[in-house]
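Novice: No letters, just coordinates:
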């Protein structure tokens, strides 16, 4: 069973708390994150997504990003985060 | 400067805000005029960013919130993700108005910002930023969800750090202005190195507070990337698993290698306002810089904040010295021994408790900009005025000395005479220089007008373009300040009454958009402000009709066009049949005229039906000195303002006639002008002067009326220092001010208008005038 979370367009300070909630709610199953609508990615949400990758890996579950928007991939890389995480 | 360093810094912040807002509006107007220069967009971004940064440091939440939304859109624009088109710029302009309101409200100088208006603009800005899709969090109703936590300033940090060792015999502090680029992490002797040839290594770890105060790492990284090619490395080794991760905590560390020739100041400027909310280390890339420790919580203190603190509290001398690297050898050993590295490690720093929440300086001293900006200092106006006063006394003293020398019979060519001449030149030069200190460009007033025009246009539904020129024209600060109200009123008037609506304009064959021009220029030692519109011009029959209706003129009065135009300056005249919100606030043009006259200025109007009207204000450049004609009347010495004098002549008995056998008039160039015997009008004597040997000055009042002033003698033309009579005594009818002459006597400066008007309207009250003598 795979859960899908559609990421909000603006992942800033205000989006961090709800994002964590959504991610935690999907815990325990494979997770697909749809980044098609992402326009802005901030440091706090980046942190949550990186932690999610780590958490899902620890759980032995798959976490996949799909349809990452151009803005998302650009900003992801600009943060120095590994692009392969986004493509995996 | 206030005793409270916190308040002083806050005051500085608001001063900075004023400049930033002015720049902001100026740049937005440049964008509005069609410029797409990325530098202009950048400048707008920086201005908003700086306002936000300073506001964050003072916990001005509303201001930060609004500035943040504004800044976010600016970031979209400068990255090119959103087009900087006309509707966007129009919205930005309105946003800058609201931003200014927020600043004014935070300062306590303005009414609280209308929440609906602010929220409306926030929505507009966000719509532009996110292309119509509201950001996810915008759906959340509670503004508190924004998560803003004000970053409180710790007042304790301004107090003298406990245990600060005495620093005896400090060498004189270096020029503060020269310090900015000095704290580069270069070896000690090379204080001038501010650019590292090989780029910079920046280790950056944001604190949760950085995000809470609406800052964003992504933005900072992008800012750095603008300075040169960057390699960004992300260390997420400290990142916990999801359930242990507080969404607002900060666990990531970035290491950025920046290539290129950016200076340290430029790099630090990126971290302006967040430097207290992060661990930051900036070291040269070239390798042989001091081995930097991992970015532990070292208080990285920028030049700007170090200077600001030192300058404001004058307590943190040690920190200042450390940042300069010019520690005296007498100072405690660590200061002298430690090569200065960045971040500045203050060896005599206050205990950590006090140091930790050290305040983010609200940029009272901007990090040294790349371009050589003019070096300026802020000086208390009171000090300048004291200096001006002293120079005024010097001028008077010099005149007195000159008179004594003349009286003692010394030749002008004598050594003393020649020396005195040099002194006179020097005095004049000092006086001019001192006056120049108070001189300010009228820009500060002009810059407020675009907003006013926008709002007036909106309120009337008219399309208006404001064209300004001569913003750099300089005039005394007092004059500048008092220009604002009359110009505001006249611009409103021009838009409300002068310009036609779009349909009416199109029907008249004019473009739908009306043009209002505001110009400043110097003309013969005065400043002239012109406000003109291309509207319908003055409807003279209507103006005349109203004046008759209000009983201001007789029905059969014969008036020239000029005289009819000038009727609008009469008290009680208002052509608006309905009181409009805009200019019909019970303040007529008569009030404008009076306020201009109180500045020693005059106002005139010219109008062409169907083409528009032009109001011209002419004002003295300063209110401190006056070019005057020194005259004698009834044993008294008086000064008549030179600007009012048209010419002087010796009257002949035949030229004087009496209207009704009482009121004397002088025949002058085939016209009769009222003759005022100054000594009699002022109450110096009861009998009319003997005409023999008397002199007449033909003067012109502000309203253009001519009159002849009869005086006993003209002593000469002189520049006099104006001393207010009201401050030292009280207002006296017919007297504008006083001055002190070379012989030490007080001379009254005539108020020409009052003299002439009093003559026309009533017999002067003897008791009033007796006081003046």
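Specialist: All right, it came through fine. All of these numbers come straight from a predicted model, not from anything done at the bench.
Novice: Setting the sequence-adjacent residues aside, check what's closest to residue B:750.
Specialist: Nearest non-adjacent residue to residue B:750, counting by CB to CB, 6 or more residues apart in numbering or on different chains: residue B:640, 5.0 Å away. (Glycine included, C-beta is placed from N, CA and C.)
Novice: Please give the element, helix or strand, for residue B:66.
Specialist: Assessed by DSSP states H and E, residue B:66 sits inside helix B:61-78.
Novice: Low-confidence ranges, chain B, go.
Specialist: B:1-5, B:132-197, B:287-374, B:524-525, B:574-587, B:623, B:702-703, B:759-773 (pLDDT under 70).
Novice: care to break it down by domain?
Specialist: Annotated domains of chain B cover B:5-146, B:155-355, B:381-440, B:442-620, B:625-772 [automatic domain parsing].
Novice: Dig out what the residue nearest to residue B:750 forms beta bridges with.
Specialist: Per DSSP bridges, residues listed as beta-bridge partners of residue B:640: residue B:629.
Novice: Next up, the contacts around residue B:208.
Specialist: Counting by CB atoms under 8 Å, 6 or more residues apart in numbering or on different chains, residue B:208 makes contact with B:248-250.
Novice: and stretch B:241-257, does that touch chain A?
Specialist: Yes: against chain A, stretch B:241-257 shows contacts by CB under 8 Å from any CB of the partner chain at B:241-243, B:245, B:247-248, B:250-252, B:254, B:256.
Novice: Farthest-apart pair in the residues you listed, please.
Specialist: Pairwise distances among the residues of stretch B:241-257 next to chain A were taken by CB to CB; the largest, 30.4 Å, belongs to B:243 and B:256.
Novice: between these two, who's got more neighbours?
Specialist: Each of residue B:243 and residue B:256 has its neighbours counted (other CB atoms under 10 Å in any protein chain shown); residue B:256 has more, 22 against 11.
Novice: Now the more buried one. Nearest residue, chain neighbours left out?
Specialist: Distances taken as CB to CB, 6+ apart place residue B:202 nearest to residue B:256, at 4.5 Å, with adjacent residues excluded.
Novice: For the helix or strand containing the one you found, enumerate the helices and strands it packs against.
Specialist: Here residue B:202 sits within strand B:200-206, counting by DSSP H and E. Packing partners of strand B:200-206 (3 or more CB pairs under 8 Å, 6 or more residues apart in numbering or on different chains; DSSP states H and E): helix B:217-227, strand B:253-258, helix B:264-270, strand B:278-284.
Novice: So what's the gap between that strand and the chain middle?
Specialist: How far strand B:200-206 lies from its chain's middle: 38 Å, per CA atoms, centre = their mean, to the nearest Å.
Novice: now swap in stretch B:492-501 and tell me
Specialist: 27 Å.
Novice: got a list of what residue 77 touches?
Specialist: Picking chain A for this. Contacts of residue A:77 by CB under 8 Å, 6+ apart are residue A:83.
Novice: right idea, wrong chain: chain B
Specialist: B:41, B:45, B:83-84, B:88.
Novice: Now residue B:489: which helix or strand?
Specialist: Assigning secondary structure by DSSP H and E places residue B:489 in helix B:477-493.
Novice: Can you list the helices and strands that the helix or strand just after that helix packs against?
Specialist: Downstream of helix B:477-493, the first helix or strand assigned by DSSP H and E is helix B:502-507. Contacts defined by 3+ CB pairs under 8 Å, 6+ apart place helix B:502-507 against strand B:513-523.
Novice: Taking helix B:477-493 as reference, get the angle to the strand it packs on.
Specialist: Angle, strand B:513-523 to helix B:477-493, by axes from the mean of the first three to the mean of the last three CA atoms, to 10 degrees: 160 degrees.
Novice: Next, report how far strand B:513-523 is displaced from the centre of its chain.
Specialist: That offset, for strand B:513-523, works out to 19 Å (CA atoms, centre = their mean).
Novice: Contacts only, for the residue nearest the centre of chain A.
Specialist: Nearest to the mean C-alpha position of chain A, by CA atoms, centre = their mean, lies residue A:49 at 4.0 Å. Contacts were defined as CB under 8 Å, 6+ apart; by that measure residue A:49 touches A:19, A:33.
Novice: Alright, I will stop here.
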